[in-house]
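A.B. asks: any chance you can model this:
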Amino acid sequence: MNLHDFLPYRLAVATETVSRALAAVYSARFDLTRDEWRVLAWLAEDREVTATELGVRSALDKMQVSRALARMERDGLVERAPDPADRRNLLVRLKAPGRALYKKVVPMAKAREAFLLDALDADERETFDRALAKLQARARQLLEQG
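C.D. replies: Sure, this is the predicted structure:
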C-alpha cells in the first residue's frame, strides 16, 4: 500500500491542513482551541444542547467537550443549567460574551473558507460537495456494519 494514495490518509491530511489554517484565525487572535471553536459554533446554531449532543454534532469525544466547556465556562463564554426534561443532564448555552466572540470569529473563518473554495470553479465545488456527501454516507455504512 502506498500511504500517500490511501484515501483515509489523504482525507486526514487534508482535514488537518485545513483545520490548522483555520485555527490561525481563532487561536492567535481569540485564544480559542479547535475544540472550543467547534463547541462555540454549534452553540451559536443551537440555543441549548447537552454536552453529549455537542460531542455528537462536533465529532469530539466526551473529554474534549468537557475540557472545552470547562475553559469556556471559566472564561464566561458559556453557562450550564439543569435540563428540565432530565435533571441528570445539563444544558449548555452561550452567554452574551460567547455570542459576541462568535460574531467576531465568523467573518474571518468565512474569509478563509472562501479563499480555500476559490481554488475550485462552480462545477468543481458542486462535484466536490456531492462526492464528499457520498463518501460520508459510505463511511456511516461501514460504522453501522461494525
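A.B. asks: for the helix or strand hosting D35, name the packing helices and strands.
C.D. replies: For D35, the element it lies in under DSSP states H and E is helix 34-45. When contacts are defined as 3 or more Cβ pairs under 8 Å, 6 or more residues apart in numbering; DSSP states H and E, helix 34-45 packs onto helix 7-28, helix 51-58, helix 62-74, strand 86-94, helix 96-117. C-betas here are computed from N, CA, C, even on glycine.
A.B. asks: outside of that helix, which residues touch it?
C.D. replies: With contacts defined as Cβ atoms under 8 Å, 6 or more residues apart in numbering, helix 34-45 is touched by 19, 23, 26-27, 32, 49, 54, 57-60, 64-65, 67-69, 71-72, 77-78, 92-94, 98-99, 101-102, 105.
A.B. asks: quick one, grab the pLDDT at K95.
C.D. replies: pLDDT, K95: 97.
A.B. asks: meant to ask about T52
C.D. replies: As predicted, T52 sits at a pLDDT of 88.
A.B. asks: wait, doesn't it sit right on L90?
C.D. replies: No. The criterion here is Cβ atoms under 8 Å, and T52 misses it with L90 at 9.8 Å.
A.B. asks: between the two, tell me which one has more neighbours.
C.D. replies: Taking neighbours as other Cβ atoms under 10 Å, T52 and L90 compare with L90 leading, 16 against 12.
A.B. asks: who is the more buried one paired with across the strands?
C.D. replies: L90 forms beta bridges with P82, as assigned by DSSP bridges.
A.B. asks: how far away is it from S66?
C.D. replies: Note on L90: its distance to S66, by Cβ to Cβ, to the nearest Å, is 11 Å.
A.B. asks: from E53, how far out is the residue nearest to A81 when sequence neighbours are not counted?
C.D. replies: In this structure, A81 finds its nearest non-sequential neighbour in L91, 5.4 Å apart by Cβ to Cβ, 6 or more residues apart in numbering. According to Cβ to Cβ, L91 and E53 sit 9 Å apart.
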